[in-house]
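Asker: Any chance you can model this:
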Amino acid sequence: MERSFGIELEIAGITQRIAKLALSAVGVQVQAESYNHSTRAHWKIVSDASVRGGFEVVSPILHGEQGIIEAMKVATALDDAGASINRTCGFHVHFDASDLDVETIKTIVRRYAEFESEVDAVMPPSRRGDANNYCHSMAGVVTPSFLRASTIRELATVQGSRYYKVNLQSFQRHGTIEFRQHSGTVNANKISNWVRFLGEFIDVCKAESGSSALPVIEHPALRGVQRRLADMFTAQGSVQLSEICEAFGWQPHTARAAVTRLRQAGLEIESVRGRAMYRLVSGMVQQPSASRCSSIWHGISESVVTFYRNRAAVLAAAM
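Answerer: All right, here's what the predicted structure looks like:
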């Protein structure tokens, strides 16, 4: 992983003074400061009103694998000092977005929304779906207005709030894209795997955004609203039932009937289990040179995938 990033660790169980002493003891440059959003050249410890009985430890800009090593060092020191987490704690990661264009950001958000259930499976229940007010589900973010946006700032405006699992508001202030879904942790292994996964995920999306990753529907029988609905699937791959209703002014039963008519015309559109969403699989289409990804883990290092497969299995067994 080569991309620059920064992390925010929300923790409890120890005082800010102990956290500062622990990090200083292992050679980390750290300062306790009043609450602020400024990027520093050192680690900072700041208050956070959203954390019950705790505070936040924020990194400077970190770089690639060396940055992951430093983040693990900080987490281990905090863990050894007695830091703990509770349900109000989160672990946020910002990634440099200076090389990402608007189409890449759309791909990142679309793919995260499409495969959100796979990410949910490696998170505790408090971080799944729309259960957490500080990291809302991405379902419904990929609207026609979002897809029409021509700049990243417009995308952020359409999103409207930073409290989503993928936050675009940080681009305007820091030039970053922020991932907010992970639960609080001082486990160095969890931190390293999450940062590596996200860094690789961004790179995969960047590569895909420059190719014809989605199929182009070629079907002469599709006209009028059916043609427009087919084009919607072409643009997005996966479409929320609510998006169809918004775009065409339909009630849910009308939208479902329209999808059924597309299926009858020869398009293979599947329902996403447990969600009011449809996914274009194949059908009477002109297939692109590069096939679409079928999982959030496409293109991710095998060691990272193995870590999360095992984690998902353990969490499922414990439910």
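Asker: residue nearest the centroid of this structure?
Answerer: Closest to where the C-alpha atoms of the chain average out (CA atoms, centre = their mean) is V166, at 4.2 Å.
Asker: Pretty sure it sits against I108.
Answerer: Yes - the pair V166 and I108 passes the contact test of CB atoms under 8 Å, sitting 6.7 Å apart. From N, CA and C alone the C-beta is placed, and that goes for glycine too.
Asker: in stretch 294-303, what's buried?
Answerer: Residues of stretch 294-303 classed as buried: 296-297, 300 (neighbour count, 16 or more other CB atoms under 10 Å).
Asker: And the helices in the chain?
Answerer: Counting by DSSP state H, the chain has helices at residues 16-25, 64-80, 102-114, 116-120, 144-148, 152-159, 170-174, 188-209, 224-236, 241-248, 252-264, 302-318.
Asker: Quickly name whichever of the buried residues of stretch 294-303 is closest to W43.
Answerer: I300 (28.0 Å; CB to CB).
Asker: Can you give me every residue that contacts that closest one?
Answerer: Listed by CB atoms under 8 Å, 6 or more residues apart in numbering, the contact partners of I300 are 197, 200-201, 204.
Asker: Then Y134?
Answerer: Per CB under 8 Å, 6+ apart, neighbours of Y134: 50, 90, 163, 180.
Asker: burial measure for the second one, as a count.
Answerer: Right, G90. As a burial measure, G90 scores 24 neighbours (other CB atoms under 10 Å).
Asker: right, and it touches E178 too?
Answerer: No - counting by CB under 8 Å, G90 stays clear of E178, with 10.9 Å between them.
Asker: who touches L100 in this structure?
Answerer: 108, 152, 177, 202, 206.
Asker: Is it possible to mark the buried ones in the residues you listed?
Answerer: Judged by 16+ other CB under 10 Å, buried ones among the contacts of L100: 108, 152, 177, 202, 206.
Asker: Show me which of those is closest to A139.
Answerer: A139 lies nearest to I108 out of the buried ones among the contacts of L100, by CB to CB, at 15.3 Å.
Asker: Run through the stretch 201-319 of the chain and note the low-pLDDT ranges.
Answerer: Along the stretch 201-319 of the chain, segments meeting pLDDT under 70 span 210-221, 235, 282-293.
Asker: about what we covered before: look up the residues that both of V166 and I108 are in contact with.
Answerer: Taking CB under 8 Å, 6+ apart as the criterion, V166 and I108 both touch I177.
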